[in-house]
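Enquirer: Dropping the sequence and predicted coords here.
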Amino acid sequence: MVLQVVAAAVLVVFLWSLFRFAMGLRWAKLSREAARGAEQAQGRRVVAEIPQHDGLLLFLEDAAGYAWGVERAEKAAIVGARALLNGGVIASFARPGVPLPAPPAPEAYAGQERWDVLIYVEGGGGLAVPCGTLREGVSREIALGVFDAVRRGVSAA
């Protein structure tokens, strides 16, 4: 009889923790959808959701430019961009007649891929979009999606 009570208690604890985990995932999904909806209601398009250690970073596009976190780049001021893997250039574009600064030196491989997009604006400044270090191509897809959106937006402007 004691063994059955202990087994029932263990089952209840397991089912409770599973329920809490499922509800946490549901809450996170609803929060993410609410954030996306709020941005779309303001006329912005969510280009990418970039996972960070402290939450989710949205890379947003509107008619005038791009925003992520506290950074912003106006489409009219963008002169080019580079997609970087561990600091090495994977893809690059520039407005016609505008040379980009020398690319940063690639870093030594540290056991993981780190993807970034570097957006160059008029005046020589470069703004980095950290796209993550997730495996299985997740960060690569985020970085190339951001890079392609910037390239399309600048060529259309």
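Expert: Done, it's in. Note that the structure is predicted; figures quoted are calculated from it, not measured.

Enquirer: Can you spell out the domain ranges of this protein, please?
Expert: Using automatic domain parsing, the domains assigned to the chain come out as 1-42, 44-156.

Enquirer: ends of the longest one, how far apart?
Expert: Yep, that's domain 44-156 we're talking about. The first residue of domain 44-156 is 17 Å away from its last residue (Cα to Cα, to the nearest Å).

Enquirer: re the thing from before, buried deepest among the domains of the chain, which one?
Expert: domain 44-156 (a mean of 16; mean count of other Cβ atoms under 10 Å). Using the backbone N, CA and C atoms, a C-beta is placed for each residue, glycine as well.

Enquirer: Now do the helices in this structure.
Expert: For the chain, the helices defined by DSSP state H cover 2-41, 138-156.

Enquirer: Out of those, which is closest to V129?
Expert: helix 138-156 (5.6 Å; Cβ to Cβ).

Enquirer: for the closest one, packing partners?
Expert: strand 45-52, strand 55-61, strand 65-68, strand 78-85, strand 88-94, strand 115-121, strand 126-132 (3 or more Cβ pairs under 8 Å, 6 or more residues apart in numbering; DSSP states H and E).
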